[in-house]
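**Q** Predicted model follows, preceded by the sequence.
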Amino acid sequence: MKREAYFPEVVKQALSNIPPGSWMSAVPEGCIRLNSGYPAANLVPSTELKEATDRLLTEEQDLPLHYIGSPRIDQLKTQLIERMNERKMEVQEDEVLVTSGACQAIDLIARILLDENAFIIVESPTYMEALEIFQNYTKNIITIPIDADGLDTKQLEGILIERTKKEEPLPKLLYTIPTFQNPTGTTLSFARREKLIKLAKEYDFLILEDDAYGELAFGESPTTLKSLDEEDRVFYVGSLSKIVAPGMRIGWIAAHSEWIEALFWFKKDLEHPFAQSVMSAYLEKVNLAHRSVLLTEKYEEKAVILYEALIHFMPEGVKWYRPEGGYFMWIEVPGVDTTAMLAKAKKAGVAYVPGQYFFLHQDEGKSFLRLSFSYASKEEIKKGIEILSHVVAEEINK
Ligand SMILES: Cc1ncc(COP(=O)(O)O)c(C=O)c1O
């Protein structure tokens, strides 16, 4: 049987891309994990989630274990809306859809907007799972570089002008992580946020704002694109993975009710009602605003340790941005192939994610690597950077 023949063209095309998750290499026992974009183990609220589960099942018995049943599923939506309102994003009940994590949200948005003829714009570099998702729908991906102030809106405008002049198709959707970006840790400046919204109006495209790290601001929280959006062009995507627990897979989309209706069409009941009920019970006792303050204090301490260790140990020529929140730092090691270097680094005792996976054109990422300060302990971060710096120095001097 020729199984391949059964696949439609778009699926054949998707299957020819690099397999999902190839960026997640095996990490030997004892190796310091500066690759993992996970919350720190001691910051995952397992005791509180256990208490919430007990309370939920005591109060509701079997109800949350059915397809639909627990009133806490609706309550979760209300809790998320309340938090969005606190963050100056005015949304109503019919403008929110709870999903199985931000990734399902991104996939659903791609599903209702993209076909093989559609054009999409992404940042370069960008979140590799989002790239994987978009590549499942279209080959027409336009990349715009990032600098210290986030997405380069001047280049974006240049491309839009050029495409209009040449009568080439304009993008339908732009995907951005404006706040504490994965992988660069950069944040889109306020002026660029305003410019981006203006360009979206002018060139008639929609914006997918992925705010997975938005609650983790070391200083003031940047204004979201959603709160600047007067024409309902923004699909805001949130996640509780980075501030509560990724295994719960709780994310959501906030967008105009007509978009939400279309998204619901395809999401149907493909979700985890039990996880949603537990999360809602957990949020009855935990104030998200307070929790995000507590988390950012902890993550900022780690970010400072990583930053100072880089200054102290890294050889000259290596470059990075100072993050203002989130989980990551992005390092440039000019002239070094970070994919090839990874085996040596792991052997020496430290793991990172090679830059290539965050680029559509992987060659562009060869001399970059992503470090995460969220998961490893402070001692491990310092030690890890000391080890990595030796490996980098060896490569530079080769
Ligand atoms: C930018 C970005 N968006 C979304 C996600 C995934 O979120 P979720 O676990 O809610 O699917 C991540 C996780 O690493 C991320 O970095």
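**A** Perfect, thanks for sending it.
**Q** element containing the closest residue to residue 203 other than its chain neighbours, please.
**A** Computed as C-beta to C-beta, 6 or more residues apart in numbering, the closest residue to residue 203 that is not its neighbour in sequence is residue 160, at 4.8 Å. (Glycine included, C-beta is placed from N, CA and C.) For residue 160, the enclosing helix or strand under DSSP states H and E is helix 153-165.
**Q** got the contact list for that helix?
**A** With contact meaning C-beta atoms under 8 Å, 6 or more residues apart in numbering, helix 153-165 is reached by 121, 142, 144-145, 168-170, 174, 192, 195-196, 199, 202-203.
**Q** which residues touch residue 72?
**A** Neighbouring residues of residue 72 by C-beta under 8 Å, 6+ apart: 56, 60, 64, 276-277, 280-281.
**Q** and if you look at residue 218?
**A** The neighbours of residue 218, taking C-beta under 8 Å, 6+ apart as the test, are 296, 299-300, 303, 323-325.
**Q** Kindly recompute the last result at 10 Å.
**A** Neighbouring residues of residue 218 by C-beta atoms under 10 Å, 6 or more residues apart in numbering: 180, 296-297, 299-301, 303-304, 322-326.
**Q** Pull the most distant pair out of those.
**A** Across those, the two members that end up farthest from each other (C-beta to C-beta) are 297 and 322, 17.3 Å apart.
**Q** quick check: mean pLDDT across the one helix or strand residue 199 maps to?
**A** Residue 199 is located in helix 190-203, with elements delineated by DSSP H and E. The pLDDT scores in helix 190-203 average 98.
**Q** swap in stretch 232-245?
**A** The average pLDDT within stretch 232-245 is 97.
**Q** Any part of it near the ligand?
**A** Yes: contact check for stretch 232-245 against the ligand, using C-beta under 6 Å from any ligand atom: residues in range are 239, 241.
**Q** Surely residue 337 touches residue 395?
**A** Yes: the pair residue 337 / residue 395 is scored as a contact, 8.1 Å apart, by C-beta atoms under 10 Å.
**Q** Looking at the two, which is more packed in?
**A** A count of neighbours by other C-beta atoms under 10 Å puts residue 395 above the other of residue 337 and residue 395, at 18 against 14.
**Q** Can you give me the distance of the more buried one to residue 356?
**A** 16 Å (C-beta to C-beta, to the nearest Å).
**Q** swap in residue 195?
**A** Remark: distance between residue 195 and residue 356 (C-beta to C-beta) = 29 Å.
**Q** Between these two, point out the one with more neighbours.
**A** Residue environment comparison for residue 195 versus residue 356 gives the larger neighbour count to residue 356, 23 against 17, counting by other C-beta under 10 Å.
**Q** For my notes, confirm that one occurs in a strand.
**A** No: the assignment for residue 356, made by DSSP: H, G, I helix; E, B strand; the rest coil, is helix rather than a strand.
**Q** tell me the contacts of it?
**A** Residues near residue 356 by C-beta under 10 Å, 6+ apart: 18, 22-23, 125, 128, 337-339, 362-369.
**Q** got a list of what whichever residue of the stretch 1-150 of the chain sits closest to the ligand touches?
**A** Nearest residue of the stretch 1-150 of the chain to the ligand (C-beta to the nearest ligand atom) works out as residue 101 at 2.7 Å. Applying C-beta under 10 Å, 6+ apart to residue 101 gives the contacts 107, 129, 212, 237, 239-241, 246-252, 271-272, 275.
**Q** Of those residues, which belong to helices?
**A** The members of those that map onto helices under DSSP state H are 107, 129, 275.
**Q** For these, give me JSON lines that also has distance to the ligand.
**A** Formatted as JSON lines, these follow (distance: C-beta to the nearest ligand atom, whole Å):
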{"residue": "107", "distance to the ligand": "9"}
{"residue": "129", "distance to the ligand": "6"}
{"residue": "275", "distance to the ligand": "12"}
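**Q** Closest to residue 351 out of these?
**A** residue 129 (18.4 Å).
**Q** Give me the pLDDT for that closest one.
**A** With respect to pLDDT, residue 129 has a value of 95.
**Q** Numbering from 2 from now on, please.
**A** I'll keep to 2 as the first residue from here, and by that count the last item is residue 130.
**Q** Let me know how buried it is, in neighbour terms.
**A** When counting by other C-beta under 10 Å, one arrives at 18 neighbours for residue 130.
**Q** In contact with the nearest residue to it once chain neighbours are set aside, which residues?
**A** With C-beta to C-beta, 6+ apart as the measure, residue 104 is the residue that lies nearest to residue 130, at 5.7 Å, once sequence neighbours are left out. With C-beta under 10 Å, 6+ apart as the criterion, the residues that contact residue 104 are 128, 130-131, 133-134, 211, 213, 238, 240, 242, 250, 252.
**Q** Longest helix in this protein, please.
**A** If each helix of the chain is counted by residues according to DSSP H, the longest one is helix 289-314.
**Q** Mind giving me the packing neighbours of that one?
**A** With contacts taken as 3 or more C-beta pairs under 10 Å, 6 or more residues apart in numbering; DSSP states H and E, helix 289-314 sits against helix 73-87, strand 320-321, strand 329-333, strand 369-373, helix 379-397.
**Q** The ligand contacts on the stretch 202-351 of the chain?
**A** Of all the residues in the stretch 202-351 of the chain, those lying near the ligand are 211, 213, 240, 242, 247, 252, going by C-beta under 6 Å from any ligand atom.
**Q** Narrow those to those that are buried.
**A** By the neighbour-count criterion of 16 or more other C-beta atoms under 10 Å, these include these buried positions: 211, 213, 240, 242, 252.
**Q** And stretch 137-153, what's buried?
**A** Buried residues in stretch 137-153, defined by neighbour count with 16+ other C-beta under 10 Å: 137-139, 141-145, 147, 151-153.
**Q** Tell me which entries of these lie within strands.
**A** The strands, defined by DSSP state E, take in 142-145, 147, 151-152 from the buried residues of stretch 137-153.
**Q** Let me have the residues you listed in a markdown table, extended by distance to residue 165 and pLDDT.
**A** As requested, those are arranged in a markdown table below (distance: C-beta to C-beta, whole Å; pLDDT from 0 to 100):
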| residue | distance to residue 165 | pLDDT |
| --- | --- | --- |
| 142 | 19 | 97 |
| 143 | 13 | 98 |
| 144 | 19 | 98 |
| 145 | 16 | 98 |
| 147 | 23 | 96 |
| 151 | 24 | 97 |
| 152 | 19 | 98 |
